[in-house]
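Asks: Have a look at this prediction, sequence included:
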Amino acid sequence: MIHLVPNLLAVLQSSSEQTPEGSLFFPPKASNFAAEADWLYNFIFWVSVVAFALVIAATVYLVVRYRKSVAPEPQPSPHHSTKLEVIWSVIPSIFLVVMFWKGFELFVDYRKVPAGAYQIQVEGVKWNWTFRYPTGAESNELHVPMGEPVELLISSKDVLHSVFIPAFRVKQDAVPGRYTRLWFEATMPGEFPFYCTEYCGTSHSGMITKAKVYETRAEFDEWLKSALNPYEGKSPAEAGALVWERKGCKTCHTNDGSNLVGPSFKGIWGATREFEDGSTGTVDENYILESIQMPAAKIVKGYQNVMVANGGQELSDEERDFLVAYITSLAN
Amino acid sequence: MTTTTPDVHYLNHEKGFKSWFWTLDHKRLGVMYMWSVIAAFILGGIFALLVRMELMEPNGYVLENAALYGFSDKLSAADLYNHFFTLHGAIMVFLVIIPGIPAALGNFALPMMLGAKDVAYPKLNRFSYHLWLTGAIFFVMALVTKGLDTGWTFYAPYSTSHSDSAVIWATMGAFILGFSSIFTGLNMLVTIHKMRPDGMTWFKMPLFIWAIYATAVIQILATPVIGIALLMLTVERTLGVGIFDPALGGDPVLFEHIFWFYSHPAVYVMILPAMGVVSELIANFSRKPIFGYRSIAFSSVAIAIFSFIVWGHHMFVSGQSDIVNVVFSALTFSVAVPSAIKVFNWVATLYKGSISLDTPMWYALSVIWLFGIGGLTGLWLGTLGTDIHLHDTYFVVAHFHFVMVGSAIFSFIGGIFYWWPKMFGVMYSEGISKLGCAIAFIGFNMTFLPQFVAGSHGMPRRYFDYDPQFEVYNYWSSIGAMVLGVGLSIALYALVRSLMGERKPAPANPWGAVTLDWQCTSPPPPHNFDHAPPVDGPYDHELVRWNDELNGYEPVDPVDGDPNLARMGSAKTV
């Protein structure tokens, strides 16, 4: 734990410069909103620091100055001063109006989606994100080109979720039963964390993905093309690994033997499983198929019945076959 | 003439469980509320420590091991975590902070501050305490049956259609606690209106009473709304009527609106009485009238009114309309002004005071620091442009802990230390008490200051595991939580110790306050006052004078300086 101290110092050192790791208070500035949002944050910060320092300095000074150790007698002193009270009501109010106004202006920018923005549909489901692009391509990580306005049209299949990309300083709840939207223009190539930040149950903190920004439109287009047919040229097990990653299986089922919300896929092929109702069974193709389509039919002892059919995803027959092949390949 | 405890007082004039359980005495109810709230606080605190222990490392091990050792064979470690943070929040909000000052300290002190024998409706008062106990039992039922994993906010449709926990026990518990709160508010409101003694005009009331009055208005007007919201949630969950879940034809944002329509004003149910306590402490330990009495009194009322029209600032990214967002942001800033005025007035009160730094004053001064940070960090969240990034991150967690714990709980504890000599007729060890306060203050800042930075870096709330980049903040935060736990334990030890072994009797008036609650004996007689005490200004400190023999203050005639027997209330110590 000692290593955390130098860690902290390193963060302090880098506070002034803009690095891929971010500054003292912020992640990197990777979108058009970041500079202005951080400026406003810093403005409020310094106004608050000055106000707070004045209050605390006055408190400490007055306590030290007027402290009586024994049997304090009341001293004559002012109880009221209209002039003073007006001053300390009006001056903060001026700052408050400025804060509101700056926040309002920035908010208008946040909400005014430029015409012709590249629209990507985002769907949240417990506990995975799906992104759909105008070409019909689909992914579980957000891919965007740099320097182009991108609009996310957000929805949810089950409960409230929330799209949050700290490096872009954007956030919007995903609400079942209605669309919400946000927009941004990425200004820095790279990969940035993408979180769910509205509590959504067991694996809320596992509902994390990435926003990948391509420096040029050509690179982005190339990715788009490969995303259209992701399984092409792959063996069934390799394709299954992709399904596992893309369709959110990995949020609850690892491929390395560690157990999360659901049992790991590693080494279960051919194993005998004990179920909650006391019965047992062997893991074969039909067991896996049943567990994907009707997860509640057999619950492995020690686990809860939280999975929905197909993990809430629209899996094709082909994708189920790939998954079976993948789990087979993870046999010991 | 030395300090002695009166032979007969409210604690010993009747004995046995029944005499307490069925009592109508506001003082006994206040004391029972206080111990009950402390018990709930300890339970909620244990959950908080478990949460912080788990978060000490990015892929914490505490709950994983708990699950491994069969502590819970039905829940995964992630579920266990979700239950713990939910129970922490729900217990602290509904069982601790909301009833804390109004029901415990308000019940104990307010009628005496009015020179009255009891509250306006003693039976309703007892009923409210029994409702609190019933609500607490419902929460315990939720805890021992299937737990609770919805977050204290019960957001739909997770709570109505998805959670497999004991949601209905908890919502019914909160529903019942709501009535307890409404009845307490009603009682206080009527008591203040009808039972003020001759001579106590509105502007001669102690500021604590103004604060409880403003609080009571919110309790009465806002609490029914959450009652309705929770009932609708229960109906949807049990009968499948589509109110909130879009799968049934409902709207989840509607739940957010009615939930926050109560829960935002509820924040002021927590903070207004705390401000009242701090106003009393600062004035009395500076031995001078509070600076700007009227503006503090009016700011309490202003805050109570504004609190009803700012709820939408919890929902800037919920999908509500942009225009609504702008209006709520503007309205939110209107609350900032009266809050700032209070702080400035407290500081100005210190000017030319005769300040004594006893334990309650330590807490009051801590609150100036903690509420300063809690209040100022609200500015980022009220500002639309910055809230978008900070909403639902640890920045918000840190902000509301500074307000709800740093300000409300520290004031509550300061109030307990202030009225403790009156409650039990004993003085505690100043040394141990101050040590507890200092350690708690340091621990609190260590816990929550790093969370602001974790939040502005983008760490979301309610995360069981987190990105390793946030480790440094979480590590120090968890250490801080343990320090805070040690500090609060020392504070509790100081209080309990004062009741054990060789007791140090408290004088009628140890602090030199001139509000009427200090004019009867410590502890007070069952009926508080033998005859109605004369009323002067609540902060006319020249009306009392230190007396070495009493080890406390005695009333004096301000003109000739002789002891003033008429002001001694029941006058049994003389």
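Replies: Received, thanks.
Asks: all strands of chain B, in order?
Replies: B:544-547, B:552-555 (DSSP state E).
Asks: anything in the last one sitting right up against chain A?
Replies: No - with CB under 8 Å from any CB of the partner chain as the criterion, chain A is not reached by strand B:552-555; the gap is at least 9.0 Å. Any C-beta I mention is one placed from the backbone N, CA and C, and that applies to glycine too.
Asks: CA atoms of that strand as PDB?
Replies: Extracted C-alpha coordinates of strand B:552-555, given in PDB (Å, rounded to 0.1, in the frame of the first residue of the first chain):
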ATOM      1  CA  GLY B 552     -22.600  26.300  36.400                       C
ATOM      2  CA  TYR B 553     -24.500  29.500  35.600                       C
ATOM      3  CA  GLU B 554     -27.200  31.000  37.800                       C
ATOM      4  CA  PRO B 555     -29.800  33.600  36.800                       C
END
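Asks: circling back to that earlier point, buried deepest among the strands of chain B, which one?
Replies: Highest mean neighbour count of the strands of chain B: strand B:552-555, a mean of 23 (counted as mean count of other CB atoms under 10 Å in any protein chain shown).
Asks: which helices and strands does it pack with?
Replies: Using 3 or more CB pairs under 8 Å, 6 or more residues apart in numbering or on different chains; DSSP states H and E as the contact test, the elements touching strand B:552-555 are strand B:544-547.
Asks: Can you check the pLDDT for residue A:198?
Replies: For residue A:198, the model assigns a pLDDT of 95.
Asks: Can you tell me the SS state at it?
Replies: coil (DSSP: H, G, I helix; E, B strand; the rest coil).
Asks: now it, nearest residue through space, not along the chain?
Replies: Nearest residue to residue A:198 in three dimensions, chain neighbours excluded: residue A:162, at 3.6 Å (CB to CB, 6 or more residues apart in numbering or on different chains).
Asks: so who does the one you found touch?
Replies: A:171-174, A:196-198, B:317, B:392 (CB atoms under 8 Å, 6 or more residues apart in numbering or on different chains).
Asks: average model confidence for stretch B:441-457?
Replies: On average, stretch B:441-457 scores 96.
Asks: do the same with stretch B:30-39
Replies: The model assigns stretch B:30-39 a mean pLDDT of 96.
Asks: For that stretch, buried residues please.
Replies: Within stretch B:30-39, the residues that count as buried by 16 or more other CB atoms under 10 Å in any protein chain shown are B:30-34, B:36-38.
Asks: for stretch B:529-547, same thing?
Replies: B:529, B:532-539, B:541-545, B:547.
Asks: ok, now stretch B:212-226?
Replies: B:212-223, B:225-226.
Asks: any idea how far it is from the chain center?
Replies: In terms of CA atoms, centre = their mean, to the nearest Å, the centre of stretch B:212-226 is set 15 Å apart from its chain centre.
Asks: Show me the contact partners of that stretch.
Replies: Against stretch B:212-226 from outside (CB under 8 Å, 6+ apart): B:102, B:106, B:110, B:174, B:178-179, B:181-182, B:184-186, B:188-189, B:192, B:258-259, B:261-263, B:265-266, B:268-269, B:272-273, B:276, B:300-301, B:303-304, B:307-308.
Asks: picking that back up, tabulate the strands of chain B (a markdown table), appending mean pLDDT.
Replies: Output for the strands of chain B, formatted as a markdown table (pLDDT from 0 to 100):
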| stretch | mean pLDDT |
| --- | --- |
| strand B:544-547 | 86 |
| strand B:552-555 | 86 |
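Asks: Compile the ones you listed into CSV and extend it with columns for distance to residue B:412.
Replies: Shown next, in CSV, are those (distance: least, CB to CB, whole Å):
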stretch, distance to residue B:412
strand B:544-547, 26
strand B:552-555, 24
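Asks: Mind listing what's buried along the strand or helix carrying the residue nearest to residue A:198?
Replies: Assignment of secondary structure by DSSP states H and E places residue A:162 within strand A:161-165. Using 16+ other CB under 10 Å as the test for burial, strand A:161-165 gives A:161-165.
Asks: Sheet partners, orientation included, of it?
Replies: strand A:170-174 (antiparallel), strand A:190-196 (antiparallel) (DSSP bridges).
Asks: The first one: how far from the chain's middle?
Replies: A distance of 9 Å separates the centroid of the chain from that of strand A:170-174, by CA atoms, centre = their mean.
Asks: Tell me the buried residues in that strand?
Replies: Across strand A:170-174, burial judged by 16+ other CB under 10 Å covers A:170-174.
Asks: repeat for stretch A:255-274
Replies: Neighbour-count burial for stretch A:255-274 [16+ other CB under 10 Å]: A:255, A:259-266, A:268-269, A:273.
Asks: ok, is it in contact with chain B or not?
Replies: Yes - against chain B, stretch A:255-274 shows contacts by CB under 8 Å from any CB at A:260-261.
Asks: From the chain's centroid, how far away is that stretch?
Replies: 27 Å.
Asks: Show the average pLDDT along that stretch.
Replies: 85.
Asks: how long is that stretch end to end?
Replies: 20 Å (CA to CA, to the nearest Å).
Asks: contacting residues around it?
Replies: A:202-203, A:206, A:241, A:244, A:249, A:251-254, A:280-284, A:287, A:298, A:300-301, A:303-304, A:306-307, A:326-328, A:330-332, B:76, B:78-79.
Asks: Those in strands, which ones?
Replies: Going by DSSP E, the strands hold A:280-282 from those.
Asks: Give me the buried entries from those.
Replies: Of the ones in strands among the contacts of stretch A:255-274, not one counts as buried by 16+ other CB under 10 Å.
Asks: tell me the pLDDT at residue A:1?
Replies: Reported pLDDT for residue A:1: 46.
Asks: Ok, residue B:480 next?
Replies: 96.
Asks: Surely it is in contact with residue B:444?
Replies: Yes - in this structure, residue B:480 is within contact of residue B:444 by CB atoms under 8 Å, at 7.2 Å.
Asks: and residue B:107, how many neighbours does it have?
Replies: 29 (other CB atoms under 10 Å in any protein chain shown).
Asks: do you know how far it is from chain A?
Replies: 30 Å (CB to the nearest CB, to the nearest Å).
Asks: tell me which of the buried residues of stretch B:30-39 is nearest to residue B:414?
Replies: residue B:34 (13.4 Å; CB to CB).
Asks: how far does stretch A:246-264 stretch from start to finish?
Replies: Span of stretch A:246-264 from end to end, CA to CA: 17 Å.
Asks: Quick one: distance of it to the chain centre.
Replies: Per CA atoms, centre = their mean, the centroid offset for stretch A:246-264 relative to its chain is 19 Å.
Asks: for stretch B:146-166, same thing?
Replies: On CA atoms, centre = their mean, the centre of stretch B:146-166 falls 25 Å from that of its chain.
Asks: go on, stretch B:7-20?
Replies: Taking mean C-alpha positions (CA atoms, centre = their mean), stretch B:7-20 and its chain are 27 Å apart.
Asks: To what extent is residue B:383 buried, counted in neighbours?
Replies: Count around residue B:383 with other CB under 10 Å applied: 31.
Asks: wait, isn't it in contact with residue A:40?
Replies: Yes - the criterion here is CB under 8 Å, and residue B:383 meets it with residue A:40 at 6.6 Å.
Asks: anything in contact with each of these two?
Replies: Joint contacts of residue B:383 and residue A:40 (CB under 8 Å, 6+ apart) are A:99, A:102-103.
Asks: which of these are buried?
Replies: A:99, A:102-103.
Asks: Tabulate those (a markdown table), appending pLDDT, secondary structure and distance to chain B.
Replies: Formatted as a markdown table, those follow (pLDDT from 0 to 100; DSSP: H, G, I helix; E, B strand; the rest coil; distance: CB to the nearest CB, whole Å):
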| residue | pLDDT | secondary structure | distance to chain B |
| --- | --- | --- | --- |
| A:99 | 94 | helix | 5 |
| A:102 | 95 | helix | 6 |
| A:103 | 95 | helix | 3 |
